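Chemist: What would the 3D arrangement of this be:
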Amino acid sequence: SSGINAEYGGHGYMIKGLERGMLQVCVGEKRRIHIPAVLAYGKIGDGKNVPPGADLVYDVEVIHIQKGTTPPNIFAKIDLNKDKKISREEMGAFILETGRTVTLRGQSEIDNVVGEIFNLEDLNEDGFVDFNEFSGPKKSKHDEL
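Modeler: The predicted structure is shown next:
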């Protein structure tokens with residue numbers, strides 16, 4: 001298909017598997033990137049084109065590389081009580097607020113999406129996604145000083 005804008009690559013806007021597959025690319029390079037479901041859309045799919053549990057394959061050709069703009073700090077937007085960790089409730093509220101429920105029907109599906117996110121992000125399984133676990137866009141600790 002046509003090109004993708006990977007302006008926010010490396011900041012958590014692309015699926016984890018694609019970000020990993022694009023590491024160390026060079027202009028003119030072609031790659032086939034195989035992404036297991038666990039590093040893509042997991043057990044829930046994307047709600048549109050990618051079914052649950054699907055592995056993905058991308059054929060990529062790098063045409064141009066440039067430094068992109070810094071994306072917004074999504075961690076800070078989700079962490080409503082500013083305790084440096086994201087609860088399931090905060091994640092659910094963020095999903096509802098951003099309108100990412102267009103393909104979802106009912107609270108139980110939102111709970112499933114949040115559950116899948118926590119399966120991927122809550123590495124220490126404490127019921128929260130802390131700053132270090134969060135793979136989405138965030139300011140580094142140095143940026144906050």
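Chemist: Distance-wise, check the residue of the chain positioned farthest from its centre relative to residue 19.
Modeler: Of all residues in the chain, residue 28 has its C-alpha farthest from the mean position, at 26.2 Å, by C-alpha atoms, centre = their mean. Separation of residue 28 from residue 19 (C-beta to C-beta, to the nearest Å): 20 Å. Using the backbone N, CA and C atoms, a C-beta is placed for each residue, glycine as well.
Chemist: re earlier: sec struct for the residue farthest from the centre of the chain, please.
Modeler: Using DSSP: H, G, I helix; E, B strand; the rest coil, the three-state assignment for residue 28 comes out as coil.
Chemist: Contacts only, for it.
Modeler: 61, 62 (C-beta atoms under 8 Å, 6 or more residues apart in numbering).
Chemist: Residue 96 now?
Modeler: Neighbouring residues of residue 96 by C-beta under 8 Å, 6+ apart: residue 110.
Chemist: how far away is it from residue 134?
Modeler: Distance from residue 96 to residue 134, counting by C-beta to C-beta: 19 Å.
Chemist: Go through stretch 51-70 and flag the buried ones.
Modeler: Buried residues in stretch 51-70, counted by 16 or more other C-beta atoms under 10 Å: 54, 56, 58, 60.
Chemist: which of the residues you listed lies closest to residue 14?
Modeler: Taking C-beta to C-beta as the measure, residue 14 lies nearest residue 58 of the buried residues of stretch 51-70, at 10.1 Å.
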